[in-house]
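Engineer: sharing a model that was predicted from the sequence below.
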Amino acid sequence: MQQEIIELIVETARELGEDELSLTEELNADTRLFGKEGALDSMGLVTLIIAVEQAIEDRFESPVALADEKALSQTRSPYRSVATLAEYAASQIQGS
Amino acid sequence: MHIEFLRERFSESSDADALVWREQSFSYRHILDEIDNWVRILDEEQIAKGSVVSIEADFSPRAIALMLALVEHNCVVVPLSSSVANQIPEFREIAQVEAVISVSADDVPVITRTGVHVDHPVLLGLKEVAHPGLILFSSGSTGKSKAAVHDFVPMLEKYKVPRHSLRTITFLLFDHIGGVNTLLYNLSNAGCVITVPDRKPETVCATIERYGVELLPTSPTFLNLLLVSGALEKYKLDSLKMVTYGTEVMPESTLARIHEILPNVKLLQTYGLSEVGILRSKSKSSDSLWVKVGGEGFETRIVDGMLEIKAKSAMLGYLNAPSPFTEDGWFKTGDAVEVDGEYIRILGRKSEIINVGGEKVYPAEVESTLQTMDGVVEVVVSGQSHPLTGNIVVARVKLGTDENLPQFRKRMREFCSERLARFKIPQKVELVDQSLHGERFKKMRKL
């Protein structure tokens, strides 16, 4: 599932476009998203997170929250990279 | 005695058309006869002077005459139109209605007593001074409906100054301050009010063409629907001299397009609230959102960027909420404004400002931009709380295209990227099928 979500995030980020997300480099699992060397600022992150939430809901037919208290209180931020976001999303889907 | 000046005007213009209703004209003589008829009925039915009476009807010669007869009878009038049909029992209870007078679709009046005993201090105060009153409910588009009680006597005062009247469509109903204003303004100047069976863009345009309507008082939401409908191009609207708009923020884009299509029509912004009445207003020009508001009986001031009004014709109070006035009688409108000399520009309701990561977003500005996109029929922008930025901007859009959400979202982002600051571009988009406005053609921002 995680691989599928990685693809979904990459696809969503591409759809949002470079302007929106200032993602210029090649997008893949290792792409840094937010924080140190991250490609996104907070507006970009919010936009991506909401779009990914929506894409996951469409694909897996189950709503998922990627920016709630729980996500924000993780010791290791799930927003570091595409892979960590996908991992967190997968855990949320399976946990629900 | 309170409508003596109206009776005089009606007598002077007894052959003039007072009302067009169901494709038929009714003269001022007819209205006078109807008033006398009601006076007799109120007497026969022993409706006590000063009673709280609801009129449950849409605009008709009979309903209008009833309202005036009740004013003459010192009653507190509670107009309830079919647009609030499912709230009628609740509204009757809040207003402490003692007698219900309904006028059915075939114009037959029915009088029912509720057995309610009036004990609200504001209503008792009116009875005490033997003044007629008016209770208007706010639309509740931003929360629960509040019942504003007016003393009819100061309210009528401003209509005693004769002014020029135009053949006017009643767009707002008489359970709305704007509708009451349109009605009283026209009646007091022996003008003609033209009613419409519904408020579809096609119907309104056909009515303008057919009856030579000169003034259309309406809302920005309706004007936007009018633009989208294509009805403006289909009908001859040469008679139209003025369009007035109010009750919500006018999107810049809607105003520009209306002005482009109707270059000879004067576009005037109006400003009023059920709590203080309708102010006199003057737009800088037809394509300007800058407006001067005030006039006799009104004082205005700006405090912390918010408009405040002191009005002679202010309501006495709410029946179901604490007084919103400051101790010295100022009403905080909650409307954020910009000021340029004598002119103000209304930005939006303070309560609707969206704070995105510390940046302020006014829904009207975003709506104005989105409405210029092809295929956007209606759009409502509001805030939603979000853990990352405090709030996010959410756009609910009714589309006239076959696009799915990702397709539209992509197009919207591209469109907005050159036109709006990044934090103003909706982070979330929802596509909806249903209309995004209420019965009064005002955007519904609350979900």
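Structural biologist: Thanks, I have the structure now. Residues are numbered from 1 along each chain as shown, chains lettered A, B, ... in the order given.
Engineer: quick one: low-confidence parts of the chain?
Structural biologist: I'll assume chain A. By pLDDT under 70, the weakly predicted segments of chain A are A:17-25, A:95-96.
Engineer: meant chain B, my bad for not saying
Structural biologist: Flagging of chain B using pLDDT under 70 yields the residue ranges B:140-143, B:446-447.
Engineer: what are the structural domain limits within it?
Structural biologist: Per the record, chain B has its domains at B:4-157, B:353-432, by automatic domain parsing.
Engineer: and those: which comes nearest residue A:36?
Structural biologist: Closest to residue A:36 of these, according to Cβ to Cβ: domain B:353-432, at 17.6 Å. (Each C-beta comes from the backbone N, C-alpha and C, glycine too.)
Engineer: and the end-to-end length of that closest one?
Structural biologist: 22 Å (Cα to Cα, to the nearest Å).
Engineer: repeat for stretch B:254-272
Structural biologist: Start-to-end span of stretch B:254-272 (Cα to Cα) is 20 Å.
Engineer: repeat for stretch B:3-19
Structural biologist: Terminal-residue distance, stretch B:3-19 (Cα to Cα): 18 Å.
Engineer: so which of the domains of chain B gets nearest chain A?
Structural biologist: domain B:353-432 (4.9 Å; Cβ to the nearest Cβ).
Engineer: right, is the closest one up against chain A?
Structural biologist: Yes - using Cβ under 8 Å from any Cβ of the partner chain, domain B:353-432 reaches chain A at B:356-357, B:386-389, B:392, B:405-406, B:409-410, B:413-414, B:417, B:422-423, B:425, B:427-428.
Engineer: of those residues, buried ones?
Structural biologist: For those, a burial check counting by 16 or more other Cβ atoms under 10 Å in any protein chain shown picks out B:356, B:386-389, B:392, B:405-406, B:409, B:413, B:422-423, B:425, B:427-428.
Engineer: which of those sits closest to residue A:14?
Structural biologist: When those are compared for distance to residue A:14 (Cβ to Cβ), residue B:406 wins out at 11.0 Å.
Engineer: can you mark which positions in stretch B:347-361 are buried?
Structural biologist: So, applying 16+ other Cβ under 10 Å, buried residues of stretch B:347-361: B:347-349, B:352, B:354, B:356, B:361.
Engineer: contacting residues for the residue most central in space within chain A?
Structural biologist: Nearest to the mean C-alpha position of chain A, counting by Cα atoms, centre = their mean, stands residue A:85 at 4.6 Å. Residues near residue A:85 by Cβ atoms under 8 Å, 6 or more residues apart in numbering or on different chains: A:9, A:33, A:52, A:66, A:78-79.
Engineer: show me which of those residues are buried.
Structural biologist: Using 16+ other Cβ under 10 Å as the burial test, the contacts of residue A:85 include A:9, A:33, A:52, A:66, A:78-79 as buried.
Engineer: and the helices in chain B?
Structural biologist: Assigned by DSSP state H, the helices in chain B fall at B:4-12, B:28-44, B:61-72, B:88-95, B:121-129, B:152-157, B:177-188, B:201-211, B:220-229, B:231-234, B:252-261, B:363-370, B:405-417.
Engineer: that older thread, so which helix or strand takes in the residue nearest to the centre of chain A?
Structural biologist: helix A:82-95 (DSSP states H and E).
Engineer: check which residues of that helix are buried.
Structural biologist: Buried residues in helix A:82-95, counted by 16+ other Cβ under 10 Å: A:82-90, A:92-93.
Engineer: which among the buried ones among the contacts of residue A:85 gets closest to residue B:114?
Structural biologist: residue A:66 (53.9 Å).
Engineer: for the domains of chain B, which one sits closest to residue B:294?
Structural biologist: Across the domains of chain B, residue B:294 has its closest neighbour in domain B:4-157 (16.2 Å, Cβ to Cβ).
Engineer: for the most far-flung residue of chain B relative to its centre, give me phi and psi.
Structural biologist: Ranking residues of chain B by C-alpha distance from their mean position (Cα atoms, centre = their mean) puts residue B:388 at the top, at 37.7 Å. Main-chain dihedrals, residue B:388, degrees, to the nearest 10: phi -80, psi -40.
Engineer: which ones are touching it?
Structural biologist: Going by Cβ under 8 Å, 6+ apart, residue B:388 touches A:42, A:45-46, A:49, A:67, A:72.
Engineer: mind running it again at 10 Å?
Structural biologist: A:34, A:42-43, A:45-46, A:49-50, A:66-68, A:71-72, A:79, B:356-357, B:427 (Cβ atoms under 10 Å, 6 or more residues apart in numbering or on different chains).
Engineer: what do you get for residue B:333?
Structural biologist: B:271, B:273, B:275-276, B:300, B:306-309, B:324, B:346, B:349-350.
Engineer: redo that, cut-off 7 Å
Structural biologist: Residues in contact with residue B:333 (Cβ atoms under 7 Å, 6 or more residues apart in numbering or on different chains) are B:273, B:306-309.
Engineer: and residue B:230, how far from residue B:399?
Structural biologist: 16 Å (Cβ to Cβ, to the nearest Å).
Engineer: which one's more surrounded, these two?
Structural biologist: residue B:399 (20 against 11; other Cβ atoms under 10 Å in any protein chain shown).
Engineer: contact residues of chain A facing chain B?
Structural biologist: Chain A comes close to chain B at residues A:15-17, A:19-20, A:42-43, A:45-47, A:50, A:67-69, A:72, as judged by Cβ under 7 Å from any Cβ of the partner chain.
Engineer: out of those residues, which is nearest to residue B:176?
Structural biologist: If you rank these by distance to residue B:176 using Cβ to Cβ, residue A:50 comes first, at 37.1 Å.
Engineer: the closest one and residue B:114: what is the separation?
Structural biologist: Distance of residue A:50 to residue B:114, given as Cβ to Cβ: 50 Å.
Engineer: more neighbours: which of the two?
Structural biologist: Ranked by neighbour count (other Cβ under 10 Å), residue A:50 and residue B:114 place residue A:50 first, with 22 against 14.
Engineer: for the helix or strand hosting that one, packing partners?
Structural biologist: Secondary structure from DSSP H and E places residue A:50 in helix A:42-60. Applying 3 or more Cβ pairs under 7 Å, 6 or more residues apart in numbering or on different chains; DSSP states H and E, we find helix A:42-60 packed against helix A:2-21, helix A:82-95.
Engineer: roughly how far out does that helix sit from the chain middle?
Structural biologist: Relative to the centre of its chain, helix A:42-60 is centred 7 Å away, using Cα atoms, centre = their mean, to the nearest Å.
Engineer: give me the angle between it and helix A:2-21.
Structural biologist: With axes from the mean of the first three to the mean of the last three Cα atoms, to 10 degrees as the basis, helix A:42-60 and helix A:2-21 are set at 140 degrees to each other.
Engineer: which helix or strand lies directly C-terminal to helix A:42-60?
Structural biologist: Beyond helix A:42-60 in the direction of the C-terminus, DSSP H and E gives the next helix or strand as helix A:69-72.
Engineer: interface residues of the stretch 51-200 of chain B facing chain A?
Structural biologist: Counting by Cβ under 7 Å from any Cβ, the stretch 51-200 of chain B has no residue next to chain A.
Engineer: thanks again, I'm all set now.
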